[in-house]
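A.B. asks: Quick one, structure for this:
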Amino acid sequence: QVQLVEAGGGSVQAGGSLRLSCAASGRTFTNVAMGWFRQAPGKEREFVATISWSDGNTYADSVKGRFTISRDNAKNTVYLQMNSLKPEDTAVYYCAAANQARGTSRRSDYRYWGQGTQVTVSS
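C.D. replies: Numbering: from 1, shown residues only. This next block holds a predicted model:
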């Protein structure tokens with residue numbers, strides 16, 4: 001059974017930083033792109049960042065220059081470093097594994113999802 005488990009969420013003041021991690025188990029994610037999405041109360045789940053299996057990252061415009069996605073394939077783990085956090089970054093953050101090796105921002109391209117971790121940024 002495939003599991004994605006996020007960790008690292010919490011509460012932080014505006015301007016602060018958090019590092020999220022997502023550990024995958026149940027299979028190896030060779031040739032699989034990974035992504036981070038987020039969902040704020042009353043809003044649709046939205047794309048944050050994606051990383052391809054071999055290289056190439058893509059970010060939502062709202063987080064570009066502040067967030068960095070990375071992966072450790074040996075550990076089956078993907079990370080999201082979040083700096084200069086803003087109150088509008090408050091959301092539940094979800095890790096996801098895609099059906100393809102190339103990074104993608106489309107929710108429909110992701111097969112496996114984690115349960116999410118809460119990030120709260122206060123002003």
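A.B. asks: surely R102 meets G56?
C.D. replies: Yes: look at R102 against G56 with Cβ atoms under 8 Å: they come within range, at 7.4 Å. All C-beta spots, glycine's among them, are computed from the backbone N, C-alpha and C.
A.B. asks: any idea how far R102 is from the residue nearest to F67 when sequence neighbours are not counted?
C.D. replies: Setting aside the residues directly before and after it, F67 is nearest to M82 in space (Cβ to Cβ, 6 or more residues apart in numbering), at 5.1 Å. Note on M82: its distance to R102, by Cβ to Cβ, to the nearest Å, is 24 Å.
A.B. asks: out of those two, which sits in the busier spot?
C.D. replies: Between M82 and R102, counted using other Cβ atoms under 10 Å, the more crowded position is M82 (26 against 14).
A.B. asks: Quick check: beta-bridge partners of that one?
C.D. replies: The partner list for M82 in beta bridges (DSSP bridges) reads L18, F67.
A.B. asks: does it really touch L18, like I thought?
C.D. replies: Yes: M82 is within contact range of L18, at 5.0 Å (criterion: Cβ under 8 Å).
A.B. asks: Spell out which residues are contacts of both of the two.
C.D. replies: Shared contacts of M82 and L18 (Cβ atoms under 8 Å, 6 or more residues apart in numbering): V119.
A.B. asks: got the contact list for the spatially most central residue of the chain?
C.D. replies: The residue lying closest to the centre of the chain (Cα atoms, centre = their mean) is W36, at 2.3 Å. By Cβ under 8 Å, 6+ apart, W36 lies in contact with L20, C22, V48, A49, T50, I69, V78, L80, Y93, Y94, C95, A96.
A.B. asks: Excluding sequence neighbours, find me the nearest residue to the last one.
C.D. replies: With sequence-adjacent residues excluded and distances taken as Cβ to Cβ, 6+ apart, A96 is closest to Y110, at 3.9 Å.
A.B. asks: The one you found contacts Q100, correct?
C.D. replies: No: contact criterion Cβ under 8 Å: Y110 and Q100 do not qualify, at 9.5 Å.
A.B. asks: more crowded one of the two?
C.D. replies: Shown here are Y110 and Q100; by other Cβ under 10 Å, Y110 has more neighbours (22 against 14).
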